[in-house]
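**Q** Quick one: sequence and predicted model below, then my questions.
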Amino acid sequence: MSRSLLLLIVILVILVGGLILLSSRDTEKPVTTVEKVIPLDNLTN
């Protein structure tokens, strides 16, 4: 097996492993609802 082919296989394994690691991370944040009181004075023009 040539050295360049072995290097290519190692780089591909590292890239695929990195993609799997990044895709398995939990990056979603829970949804927080924000309720604000809106004064009715601003609505009547």
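**A** Cool, the structure landed. Numbers count the residues shown, from 1 in each chain.

**Q** so the residue most central in space within the chain, which of the three states?
**A** Nearest to the geometric centre of the chain sits residue 27, at 5.5 Å (C-alpha atoms, centre = their mean). Under DSSP: H, G, I helix; E, B strand; the rest coil, residue 27 falls in the coil class.

**Q** per-residue confidence at it?
**A** At residue 27, the model reports a pLDDT of 75.

**Q** I'd like to know how far it sits from residue 1.
**A** Going from residue 27 to residue 1 by C-beta to C-beta, to the nearest Å gives 38 Å. (Glycine included, C-beta is placed from N, CA and C.)

**Q** ok, now residue 21?
**A** Applying C-beta to C-beta, the value for residue 21 to residue 1 is 27 Å.

**Q** who's more crowded, the two?
**A** Between residue 21 and residue 1, residue 21 has the larger neighbour count (other C-beta atoms under 10 Å), namely 9 against 6.

**Q** quick one: which helix or strand includes that one?
**A** helix 3-24 (DSSP states H and E).

**Q** That helix packs against which elements?
**A** Under the contact criterion of 3 or more C-beta pairs under 8 Å, 6 or more residues apart in numbering; DSSP states H and E, helix 3-24 touches no helix or strand at all.

**Q** What mean pLDDT does that helix get?
**A** 94.

**Q** what residues does it touch?
**A** Helix 3-24 has contacts (C-beta atoms under 8 Å, 6 or more residues apart in numbering) with no other residue.

**Q** give me that answer again for 10 Å
**A** With contacts defined as C-beta atoms under 10 Å, 6 or more residues apart in numbering, helix 3-24 is touched by 1-2.

**Q** what about stretch 28-41, start to end distance?
**A** 38 Å (C-alpha to C-alpha, to the nearest Å).

**Q** Ignore what I typed, I meant stretch 20-35.
**A** First-to-last residue span, stretch 20-35, C-alpha to C-alpha: 38 Å.
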